[in-house]
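> when you get a sec, could you give me coordinates for this:
(2 chains)
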2 protein chains.
Amino acid sequence: MSEFSEWFHKILEEAEIIDTRYPIKGMHVWLPQGFKIRKHTLKILRDILDQDHEEVLFPLLIPEDELQKEAIHVKGFEDEVYWVTHGGLTQLNKKLALRPTSETAMYPMFSLWVRSHSDLPMKFYQIVNTFRYETKHTRPLIRVREITTFEEAHTIHSSEAETEKQVERAIEIYRTFFDSLGIPYVITKRPEWDKFPGAVYTMAFDTLLPDGKTLQIGTVHNLGQNFARTFDITYETPSGEHEYVYQTCYGLSDRVIASVIGVHGDEAGLSLPPQLAPYQVVLVPIIFKKGGEEVIEFCKEIEEKLKTEGNLRIYLDDRDIRAGKKFYEWEMRGVPLRIEIGPRDIRNNEMIIVKRNILQKETLKLNPETLTEDINSILSDITHGMKEKAWAILKENIRPVESIEQAVKEISENNGIISFAWCGQKACGKEIEEKIRVDILGIQENFEGEGRCINCDETAKHLTLLSRTY
Amino acid sequence: MSEFSEWFHKILEEAEIIDTRYPIKGMHVWLPQGFKIRKHTLKILRDILDQDHEEVLFPLLIPEDELQKEAIHVKGFEDEVYWVTHGGLTQLNKKLALRPTSETAMYPMFSLWVRSHSDLPMKFYQIVNTFRYETKHTRPLIRVREITTFEEAHTIHSSEAETEKQVERAIEIYRTFFDSLGIPYVITKRPEWDKFPGAVYTMAFDTLLPDGKTLQIGTVHNLGQNFARTFDITYETPSGEHEYVYQTCYGLSDRVIASVIGVHGDEAGLSLPPQLAPYQVVLVPIIFKKGGEEVIEFCKEIEEKLKTEGNLRIYLDDRDIRAGKKFYEWEMRGVPLRIEIGPRDIRNNEMIIVKRNILQKETLKLNPETLTEDINSILSDITHGMKEKAWAILKENIRPVESIEQAVKEISENNGIISFAWCGQKACGKEIEEKIRVDILGIQENFEGEGRCINCDETAKHLTLLSRTY
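Take a look at the predicted model:
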C-alpha cells in the first residue's frame, strides 16, 4: 500500500467520513460527517444542473432484454452487472440487472416521451446509486461495488450540431463544479479504444492525486444516434418526417469526494473548501483559571452573530479539554477556519485566526460591525488559496517528453502526467502504451506547428497525455 | 377499479407525477413535476429530522446471513425479498438481498459503533429506496416493488424508559410533518398480530382516502432489546458492566405523496399545499387586443417582485393560448394560487385571485408595498384551509358502533373508519376481524368508563379502530 493510500484510509476513518467495515467488499457506509460533505457537494452540483436540466428518478432495476438491446454497450458491462434472479422464494421469469448506469433504463421511456421537434431539446439528470461487480482491488470512494453517488445527465437533441454544443455545455458545467471545489483537472478526449461503450466519443476530466496517479472524475459522452436507433427514439420534423434523435450523457460519482479529500488534504488531515465543510468555522475560547465564563459568553455572542447574520456553519468548542487537543481534532477534520479568543483578545478587540489550508496564526482586529463580512472574506480567501495551490501542483506535474525513453524514465521516476506528440493512429497508440507500460489518458488538443509522433516519427496530430491511473 | 382509483391514475399521468409505463411491474419513473413535489416534501422532513438526528447512508445490499439472523424479522420478509445471486457471469458465494428495510444492514454496524453509555442515545436516519416483491395487486406510490422514497430512522438508548420517550418523540415528529402537509391521521397501536416483525409493539399513522379505505402512512416501532440481542449491540454502563441497548425505529414512504394527492385532490385535479407545490403561484395576464404588452410588462414586475422579495416559486404564463385553457391546466396541476391581471385591474390597482382549494374568484387590492406579504398570507390561508377541510372529512368518517351487526352495516354501506370497544383478547380480536371481514387497524386509546367488548361482552379495555385498508 502506498503512503497516500494509507493516509487516505486513515483519514476516512479518523474524520468519520466512511465506515469500510460493512460486511460486503466494496460497499461502505456514509457516516454523519461524510454525509454532510456529500450533501453540500450535491447542493452545489444541483444548483448548477437545475438551471437547465430537469431532475428525475428512474428505477434501479433494468429488465435483462432492455439491458442487452445495445450490443456494444452491454459488452462493456456484462462482466460487471449484478443480477437479481429471485423474488422471495420464486425464480423470476426475467432476470433484473442492478443498473451499472441508466441508458437502458431511461431510453425505452425516452422513446415514449419524445414526439415532435418542438419537444426538443430535453435535458434530464438523476443522482442515484449504481452497481459494478468490480473484480479489481476495491478502494473506498474510488473503486467500489456500490457507487452511492452517481450523477448522470441525459440529453436529447434534433441535430448533431446541437449535441456538439451540448458536449461543450456539459464540459462547462463540470468545469464550474470542479472549480467551486478547487479541484484541478485535465480534460482530454479518450482514445477510441477507451471510450464509453456505445458512444461516438468520450471527453473526460482527470485530476492528480498526491501519489502521482490520475483519477477520472467526470465524463461527457456524445452518443450520436447509436442509442436512438437501438431504442427507437424518433421525433417528427417540422416537415412531418420521422428522424432518430441525437443524444449526449455525462456523469460523475463519489470520486468527486475522493478527489476533494486527496487533493486538498495534508499531513494534518482533511482540508475542506468552506462550501463543503460540515463546520466552516470552529471557535475555541482560550480559557485560563480566571475569566473563563466571560470568554465563553463573549464567544457565544460571536457564534450567534455569525450564525444569524452570515448563515455560517460554526461550532463553539467549549469542551473542558486542552486547547491543543481541540486544534488537532478540528485540523484533522478539515474545518477551514479556526478562531481563538482569550481574555486578552477581548480587551484588545482582537482574535487569532488560523486558516486550515496554510495553518499559520494571524492576529486580526475584531470589529463586531464588520465581523460577518470579515469572516466571509477570509473564507473566500481560503477557497481561492486552496484552488490556486491545487492547480499549481497539477501544472508542475504535467511534463512534456520528446521520446519514448524519456517518457519511460519520467513516468517511473516522477509519476504524474506526461504530454507528448502523437500521430493519432490506433496501432501506434497501442504500441506507445505497450512500450511505456502505461495507458494513454487522452488527447488534450490538436498539435500546433511542426512535430513528429514520439513513437513512429510520422506527422504529429495530437498533444496527448499519459499517466498511471486509478 | 373504483372511481377514486381511476381518478388517481389519471392525475398521476396528467399532472406528470409518475410514469407507470416502465417495463417492470410495480416500478415507476418520477417525472420532473413529481420529482419536485417529492423534493419539497423531503425538505420539510429533513428540516424536522435534522434537529436531533444524523443523516447517514447504508448500502442497498444485505448479506444473506445478516438478513437471516433475526428469525422473526426474516420470517416477516422472506416472501418479499429480492435476491442478487450473480455478479457478471459469476455466481456469488453468498446471496445478497435488496434491503426490504435496513435493520439488518445497520445493526451489525451499530454493534461496532456503540461502546459506552456516554455514546448514547444515538439517532440516525436515511432516505433510500427499498424493495418488496409484492404479490398483491400493485398501485403507484401505494403498493410498489421499488419504494423509491423510504425514510427510516433508527435510535439507540440505554433504557426502556428512554425508548418509550423516543416513541413519543417520533410520533410528535410525524405529527409535525403530516400537519405541515395538511394530511389528517389516526394514530393507533397495531394489534399484536400485526406489529413490525421483531418489534415489541408498533404505533401507526393512517389517513383516509376518498374511497373510504385507510392508507398506512407512517409507523413507529419500539424494538426493545430484541435486535440488540441478535446483533450483539451492547454498551458499557457507568459501573463497567455490559448491557444490551434498547432501540426504536420509525419510517415512512412514497405513500406520503400518495396521500397528499388523494386527500387534497378533487374533480379539477391535483391540489397542492403551497410548501410542496413546484409553482406556488401562477400569474395569468388577461390580454385583449389592445394594451397586451403593457399588461405583460406589469406582470413581469409582479413576478420579479414575488420571486426576489418573497422567494416564491411563481410562473408567469404568457403563452398565446386561451386563458381558460391555462386555468384548466394549472388547476389540474394543483398550483395553490392563481392571479389574473388585466388592463382594468392595473388601472384600479386590483387583481383577481383564485385559491385552488376553494376555486372561487376574489378581487383584491394590489398594493406593491404589501404585495409579497399579502400573497404569503393568502398562501398561509390556503395551507390552513386545506388542512381544516381534510381533518373535517376524516372526523366525519370515524363512526362509533355498538354491535358487530352495526359494524358490518356501517363498513359495507359507508366505508370509512369505525370505532368500538374491545376486550383486548387476541382470540376475540381475530373473531371480530372474521365476523366483520375487515382487519382491526389498532387501538386508539384505553377505554374510558364502563363498557363492554363489542364481540364477547367482557369488560372493554380499548377503544379500537377498524377500516378497509390499502
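
> and the residue nearest to A:Ile314 when sequence neighbours are not counted, what does it touch?
Spatial nearest neighbour of A:Ile314, chain neighbours left out: A:Val281 (4.3 Å); criterion: Cβ to Cβ, 6 or more residues apart in numbering or on different chains. In this view, the C-beta of every residue, glycine as well, is placed from N, C-alpha and C. With contact set as Cβ atoms under 8 Å, 6 or more residues apart in numbering or on different chains, A:Val281 has these partners: A:Leu306, A:Leu312, A:Arg313, A:Ile314, A:Tyr315, A:Val335, A:Pro336, A:Leu337, A:Arg338, A:Ile339, A:Ile375, A:Leu379.

> next one: phi and psi at A:Val281?
phi -140, psi 130 (degrees, to the nearest 10).

> who does it bridge with?
Counting by DSSP bridges, A:Val281 is bridged to A:Ile314, A:Leu337.

> give me the longest helix you can find in chain A.
Ranked by residue count and defined by DSSP state H, the top helix of chain A is helix A:371-396.

> give the other helices and strands that the helix or strand harbouring A:Phe227 contacts.
Using DSSP states H and E, A:Phe227 sits in helix A:226-231. Applying 3 or more Cβ pairs under 8 Å, 6 or more residues apart in numbering or on different chains; DSSP states H and E, we find helix A:226-231 packed against helix A:103-113, strand A:246-252.

> which residues touch the next helix or strand after it?
Once the chain leaves helix A:226-231, the next helix or strand it forms, by DSSP H and E, is strand A:234-236. By Cβ under 8 Å, 6+ apart, the residues outside strand A:234-236 that reach it are A:111, A:114-117, A:119-120, A:158, A:228, A:242-245.

> over to stretch A:389-406?
Under Cβ under 8 Å, 6+ apart, the answer for stretch A:389-406 is A:182-186, A:207-208, A:212, A:263-264, A:357, A:407, A:410, A:414-420, A:432, A:435-436, A:454-455, A:465.

> and those residues near chain B, which?
Among the contacts of stretch A:389-406, no residue lies close to chain B (Cβ under 8 Å from any Cβ of the partner chain).

> out of the residues you listed, which end up buried?
Among the contacts of stretch A:389-406, those scoring as buried are A:182-186, A:207-208, A:212, A:263-264, A:357, A:407, A:410, A:415-420, A:432, A:436, A:454-455, A:465 (criterion: 16 or more other Cβ atoms under 10 Å in any protein chain shown).

> identify those among the residues you listed that sit within helices.
The members of the buried ones among the contacts of stretch A:389-406 that map onto helices under DSSP H are A:Val263, A:His264, A:Ala407, A:Glu410, A:Ile432, A:Ile436.

> for those, work out which two are farthest apart.
The largest distance within those, taken as Cβ to Cβ, falls between A:His264 and A:Ile432 and amounts to 32.7 Å.

> how close does the one residue sitting closest to the centre of chain A get to A:Glu192?
The structure's chain A has its C-alpha centroid closest to A:Val256; by Cα atoms, centre = their mean the separation is 2.1 Å. Going from A:Val256 to A:Glu192 by Cβ to Cβ, to the nearest Å gives 27 Å.

> thinking again about what came up before, show me which of the contacts of strand A:234-236 is closest to chain B.
Chain B lies nearest to A:Ser111 out of the contacts of strand A:234-236, by Cβ to the nearest Cβ, at 10.4 Å.

> circling back: distance to B:Tyr82, pLDDT and neighbour count for the contacts of A:Val281 - can I get that in a markdown table?
Below are these laid out as a markdown table (distance: Cβ to Cβ, whole Å; pLDDT from 0 to 100; neighbours: other Cβ atoms under 10 Å in any protein chain shown):
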| residue | distance to B:Tyr82 | pLDDT | neighbour count |
| --- | --- | --- | --- |
| A:Leu306 | 48 | 96 | 22 |
| A:Leu312 | 44 | 97 | 19 |
| A:Arg313 | 39 | 98 | 17 |
| A:Ile314 | 44 | 98 | 21 |
| A:Tyr315 | 42 | 98 | 15 |
| A:Val335 | 42 | 98 | 25 |
| A:Pro336 | 43 | 98 | 26 |
| A:Leu337 | 47 | 98 | 24 |
| A:Arg338 | 48 | 98 | 21 |
| A:Ile339 | 51 | 98 | 25 |
| A:Ile375 | 50 | 97 | 25 |
| A:Leu379 | 46 | 98 | 21 |
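
> does the closest residue to A:Leu45 other than its chain neighbours lie in a helix or a strand, and which?
Once flanking residues are discounted, A:Leu45 sits nearest to A:Phe177: 5.7 Å by Cβ to Cβ, 6+ apart. Following DSSP H and E, the helix or strand that holds A:Phe177 is helix A:160-181.

> kindly report the same for A:Ile217.
Assigned by DSSP H and E, A:Ile217 belongs to strand A:214-224.

> how far does that strand sit from the chain's center?
Computed by Cα atoms, centre = their mean, to the nearest Å, the chain-centroid distance of strand A:214-224 equals 11 Å.

> what do you get for stretch A:123-134?
Relative to its chain's centre, stretch A:123-134 lies at 14 Å (Cα atoms, centre = their mean).

> could you do stretch A:341-361 as well?
Relative to its parent chain, stretch A:341-361 has a centroid offset of 34 Å by Cα atoms, centre = their mean.

> is it true that A:Leu49 touches A:Ile173?
Yes. Counting by Cβ atoms under 8 Å, a contact exists between A:Leu49 and A:Ile173, whose distance comes to 6.9 Å.

> enumerate the positions of stretch A:228-240 that are buried.
A:Ala228, A:Thr230, A:Phe231, A:Ile233, A:Thr234, A:Tyr235.

> excluding chain neighbours, what is closest to the third one?
In space, and not counting its chain neighbours, A:Phe231 is closest to A:Tyr107: 3.9 Å by Cβ to Cβ, 6+ apart.

> show me the contacts for A:His28.
With contact set as Cβ under 8 Å, 6+ apart, A:His28 has these partners: A:Ile18, A:Asp19, A:Thr20, A:Tyr22, A:Pro140, A:Leu141, A:Val144, A:Glu146, A:Thr148, B:Pro59.

> helix or strand for the nearest residue to A:Ser180 once chain neighbours are set aside, just tell me which one.
Spatial nearest neighbour of A:Ser180, excluding adjacent residues (Cβ to Cβ, 6+ apart): A:Ile44 at 5.5 Å. Using DSSP H and E, A:Ile44 sits in helix A:32-49.

> got the angle for that helix vs helix A:160-181?
140 degrees (axes from the mean of the first three to the mean of the last three Cα atoms, to 10 degrees).

> list the buried residues in helix A:32-49.
Buried residues in helix A:32-49, defined by neighbour count with 16+ other Cβ under 10 Å: A:32-38, A:40-42, A:44-46, A:48-49.

> report the rounded mean pLDDT for that helix.
Mean pLDDT, helix A:32-49: 98.

> what packs against it?
In terms of contacts (3+ Cβ pairs under 8 Å, 6+ apart), helix A:32-49 is packed against strand A:122-131, strand A:146-157, helix A:160-181, helix A:255-264, strand B:54-55.

> need the winner for burial among these.
helix A:255-264 (a mean of 26; mean count of other Cβ atoms under 10 Å in any protein chain shown).

> and that helix, what's its mean pLDDT?
For helix A:255-264, the mean per-residue pLDDT is 98.

> and that helix with helix A:160-181, angle?
50 degrees.

> what are the contacting residues of helix A:255-264?
Contacts for helix A:255-264 (Cβ under 8 Å, 6+ apart): A:4, A:8, A:11-12, A:17, A:34, A:37-38, A:41, A:140-142, A:149, A:178, A:181-184, A:207-210, A:215-218, A:270-273, A:276, A:334, A:357, A:386, A:390.

> before we move on, what about stretch A:286-299?
Applying Cβ under 8 Å, 6+ apart, the external contacts of stretch A:286-299 come out as A:Leu283, A:Pro285, A:Leu316, A:Asp318, A:Ala323, A:Glu340, A:Ile341, A:Gly342, A:Pro343, A:Asp345, A:Ile346.

> give me the buried positions along that stretch.
Along stretch A:286-299, these residues count as buried under the neighbour rule (16+ other Cβ under 10 Å): A:Ile287, A:Val295, A:Phe298, A:Cys299.
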